[in-house]
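Enquirer: below are the sequence and a predicted model; questions follow.
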Amino acid sequence: MIFPVYWGDLFRNQILWRQMARFGTEVLGVVSVLSVSLLYLMVSHKISNWKKSVLYLAPILFIFSTNLYFLAETIPSGKNLHIVLVQPNTPYAKNEIRENFDFMTKTLQDVYNLSDEAIRNAPKPIDVIVLPESSIPFLGTLASDHANSTYSQSFVDITTNLVKKANAPLLFNELVWDQGSRNSFSTLHPITLQTDRRYKHILLPFGEYLPFEEKLPFLIGLFPEVSHHIPNIEFTSQTIQTKSNESVLLTPLICYEVLYPEFVRSMVKRSPSELIINLTNDSWFESHTETKQHAGAGRLRAIESGRPYVRAAVSGMTTAYDPWGREMMGELPVFQKAIAYLDLMTVSTERETPYLRIGPYPWRFMALFSLFFAFFTSPRAFHSYKKKNEIEI
């Protein structure tokens, strides 16, 4: 149960419990250790007097009271966004499909047709369109003379036409060559048709890069499917312009970067934003369990950062959570083409939570202290020490 607790799946339906994440995900572990330790001491010391039991139960009651306070908190309204989420259900593509002309042509056309349908049927003016990671695999829109360039004029034409039709920014994922292969969260702006790019920081070993490939070159033959991307080192938010001519700052995340609380905290702290948008591809998972845990992590990042979180997944689950971790829309079905329209209220860039202010380290120290406290104050430890002294005497 360690991984579900850490990644958020265990508490995904417990609205009161998950408010603990306002202090950081690790506080879930601290609360568990602290609560069990206090209850163990109550039982082992056979405390039945209510006055003495209050000393043990008070911390637990305080934690729940704090959660209730956070749950009742009113967050000042920000800017309103009408977001179009496109879930194209692009099949998982291996390297050998890269040169398959029919597959790539069909993928480009399918993504365009579904996005065009989403624009035509939008119930109100669109502020931003979101395409998930790997909607169109292998290709990019950044021109380069390098032999390994991923530039595709067809990709450029599709993204440009969608932006012109919607008169709104398009958020999408692409692979580009910029001093090396990069996995990019890209924003194409209307009118100027300029593209802002933020390259992925945390790369997937044996998927997006091959560890030790320079020292152990034989690994390249063992893992032919591995890409050779270069990680980013800059923490930058991206800006989109709404129909009401307001600028909105967003934290752009690619795939499993959302699983790292400290990384997301660094992104928000160094480049403040009003919401978080995560482009991801879970089509290579073999079951829905991993997808649910991945989405559950995004719910906790929303609570930790105090910001709305939008998850655009190429094959599902596409969803969104508010700063309390509540669903703002129904989950789009997995492994199906789908479209969602989402009205979202942002928060101020100055908004902070306890986790953003102080980070995870106090809770790690408290967890360690609780373990030592429970061990050295337990009857077993005391009797062992007493018996040792009696033998020495």
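Expert: Good, I have the coordinates. Bear in mind the structure is a predicted one, so any value in this text is a computation, not a measurement.
Enquirer: show me where pLDDT drops low in the stretch 151-300 of the chain?
Expert: Low-confidence segments of the stretch 151-300 of the chain (pLDDT under 70): 286-287.
Enquirer: tell me where it has helices.
Expert: Along the stretch 151-300 of the chain, counting by DSSP state H, counting those that start in this stretch, helices occupy 153-166, 219-222, 261-270, 288-305.
Enquirer: okay, those helices in CSV with mean neighbour count and distance to residue 31 next?
Expert: C-beta coordinates here come from the backbone N, C-alpha and C atoms, glycine included. Below are the helices of the stretch 151-300 of the chain laid out as CSV (neighbours: other Cβ atoms under 10 Å; distance: least, Cβ to Cβ, whole Å):
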stretch, mean neighbour count, distance to residue 31
helix 153-166, 18, 45
helix 219-222, 11, 42
helix 261-270, 19, 16
helix 288-305, 23, 14
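Enquirer: quick one: closest of these to residue 359.
Expert: Checking these against residue 359 by Cβ to Cβ gives helix 261-270 as the closest, at 6.5 Å.
Enquirer: elements contacting that closest one?
Expert: strand 247-254, helix 288-305, helix 354-358 (3 or more Cβ pairs under 8 Å, 6 or more residues apart in numbering; DSSP states H and E).
Enquirer: next, the angle helix 288-305 makes with that helix.
Expert: Counting by axes from the mean of the first three to the mean of the last three Cα atoms, to 10 degrees, helix 261-270 lies at 40 degrees to helix 288-305.
Enquirer: hmm, back to that, I'd like the helices and strands packed on helix 261-270 laid out as a markdown table, including distance to residue 167.
Expert: Shown next, in a markdown table, are these (distance: least, Cβ to Cβ, whole Å):
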| stretch | distance to residue 167 |
| --- | --- |
| strand 247-254 | 16 |
| helix 288-305 | 29 |
| helix 354-358 | 34 |
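Enquirer: I'd say residue 307 and residue 323 touch.
Expert: Yes. Residue 307 is within contact range of residue 323, at 6.0 Å (criterion: Cβ atoms under 8 Å).
Enquirer: the helices of the stretch 151-300 of the chain: which one's closest to residue 47?
Expert: Here helix 288-305 is closest among those (Cβ to Cβ), at 34.2 Å.
Enquirer: each with direction, which strands does the helix or strand just after that closest one pair with?
Expert: Later in the chain than helix 288-305, the nearest helix or strand by DSSP states H and E is strand 309-313. Using DSSP bridges, the strands paired with strand 309-313 in its sheet are strand 275-280 (parallel), strand 319-321 (antiparallel).
Enquirer: can you list those strands in JSON lines and add mean neighbour count and distance to residue 262?
Expert: Output for the strands paired with strand 309-313, formatted as JSON lines (neighbours: other Cβ under 10 Å; distance: least, Cβ to Cβ, whole Å):
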{"stretch": "strand 275-280", "mean neighbour count": "26", "distance to residue 262": "15"}
{"stretch": "strand 319-321", "mean neighbour count": "25", "distance to residue 262": "20"}
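Enquirer: which one of those lies closest to residue 156?
Expert: Counting by Cβ to Cβ, residue 156 lies closest to strand 275-280 out of those; the figure is 18.6 Å.
Enquirer: and the angle from that closest one to strand 247-254?
Expert: Put simply, strand 275-280 runs at 30 degrees to strand 247-254, going by the same axes, to 10 degrees.
Enquirer: distance from strand 275-280 to the middle of the chain?
Expert: Remark: strand 275-280 is offset 7 Å from the chain centroid, using Cα atoms, centre = their mean, to the nearest Å.
Enquirer: same deal with stretch 178-193?
Expert: With Cα atoms, centre = their mean, you get 20 Å for stretch 178-193.
Enquirer: how about it: buried residues?
Expert: Buried residues in stretch 178-193, defined by neighbour count with 16 or more other Cβ atoms under 10 Å: 181, 182, 183, 184, 185, 186, 187, 188, 189, 190.
Enquirer: now swap in stretch 318-330 and tell me
Expert: Buried positions in stretch 318-330, judged by neighbour count with 16+ other Cβ under 10 Å: 318, 319, 320, 321, 322, 323, 324, 325, 328, 329.
Enquirer: mind checking pLDDT for the residue lying closest to the fourth one once chain neighbours are set aside?
Expert: Pointing back at residue 321 there. Leaving aside its sequence neighbours, residue 321 sits nearest to residue 302 (Cβ to Cβ, 6 or more residues apart in numbering; 4.4 Å). Note for residue 302: predicted pLDDT of 94.
Enquirer: same thing with the one 10 residues further on?
Expert: pLDDT for residue 312: 96.
Enquirer: quick one, what contacts the residue most central in space within the chain?
Expert: For the chain, the residue nearest the mean C-alpha position is residue 258 (2.6 Å; Cα atoms, centre = their mean). For residue 258, the contact set (Cβ atoms under 8 Å, 6 or more residues apart in numbering) comprises 264, 278, 280, 294, 297, 298, 301, 311.
Enquirer: next: residue 253.
Expert: 185, 264, 267, 276, 277, 278, 279.
Enquirer: do you know how far the fifth one is from residue 78?
Expert: Spelled out, that is residue 277. Distance of residue 277 to residue 78, given as Cβ to Cβ, to the nearest Å: 15 Å.
Enquirer: again, but for residue 227
Expert: Using Cβ to Cβ, residue 227 is found at 37 Å from residue 78.
Enquirer: the more surrounded of those two?
Expert: Ranked by neighbour count (other Cβ atoms under 10 Å), residue 227 and residue 78 place residue 78 first, with 19 against 16.
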